[in-house]
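**Q** Pasting the sequence and the predicted coordinates here, then a few questions.
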Amino acid sequence: MTQTEPEAPRIAAVIYRGDDDVDGLLAEFAADRLRAGDKLGGLVQRNIKDASGRRIDMQVIDLMTGAAIGISQTLGGGAGSCKLDAAGLADSAQAVTRAIAGEVALVVINKFSKQEATGQGLRAEFAETIVAGLPLLTAVPEKCVDAWRDFIGEAGIELPCNRAALDAWWRDAASSAEAQSDQAAG
């Protein structure tokens, strides 16, 4: 009787601090995977900055279409309410739903942050991806790690905010998914 290796975690969260460029890390990883021929869906975030380097707008990029979706609204410097745009979040949710329906190899959802930690944002789309059994990659700020752990339980893996860890996880997760697919077909 042969012993089988445990399945690689299909859910990964890059845990990041405020000074980490997690958006750039996920966008670069996704672009490289798409160039390599992997079928990806979901969203990566692009931050638009002014000449001084201050973030003035946020967009997410739909990995299946390449379309930019605005997710922030300009409220002014003294505004105390949320800068997230409800229409942009609805379009973002549709992009994730399309990815799930498209049976992609990997769903990327740019962040599990304050909105998701409180049951809002793209939390339902995270759950749909997990229920569909698709590999999922996201980023979680340190301040939301406990909420992420409560949401995901023991189902995933937490990665440091670096490319080597991300590449190693995907290599294992993709190999595991391929082996499962071959087993189901054979």
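**A** Alright, I've got the coordinates. Residues are numbered from 1 along each chain as shown.

**Q** For residue 141, name its beta-bridge partners.
**A** Applying DSSP bridges to residue 141 gives these bridge partners: residue 16.

**Q** Wait, it touches residue 19, no?
**A** No. With contacts counted by C-beta atoms under 8 Å, residue 141 stays clear of residue 19, the gap being 11.3 Å. From N, CA and C alone the C-beta is placed, and that goes for glycine too.

**Q** So for those two, which sits in the more crowded spot?
**A** residue 141 (18 against 6; other C-beta atoms under 10 Å).

**Q** Distance of that one relative to residue 23?
**A** Residue 141 sits 12 Å away from residue 23, going by C-beta to C-beta, to the nearest Å.

**Q** what residues does the longest strand along the chain touch?
**A** Counting by DSSP state E, the longest strand found in the chain is strand 40-49. Contacts to strand 40-49, defined as C-beta atoms under 8 Å, 6 or more residues apart in numbering, come from residues 23, 26-27, 30, 33-34, 55-64, 68-69, 71, 92, 95-96, 98-100, 102, 104-111, 129.

**Q** Now it: buried residues?
**A** For strand 40-49, burial by neighbour count (16 or more other C-beta atoms under 10 Å) applies to 40-46.

**Q** Check stretch 146-162 too.
**A** Applying 16+ other C-beta under 10 Å to stretch 146-162 flags 147-148, 151-152, 156-159, 161 as buried.

**Q** Kindly report the same for stretch 103-115.
**A** 104-113, 115.

**Q** Sitting in helices, which of those do you find?
**A** residue 115 (DSSP state H).
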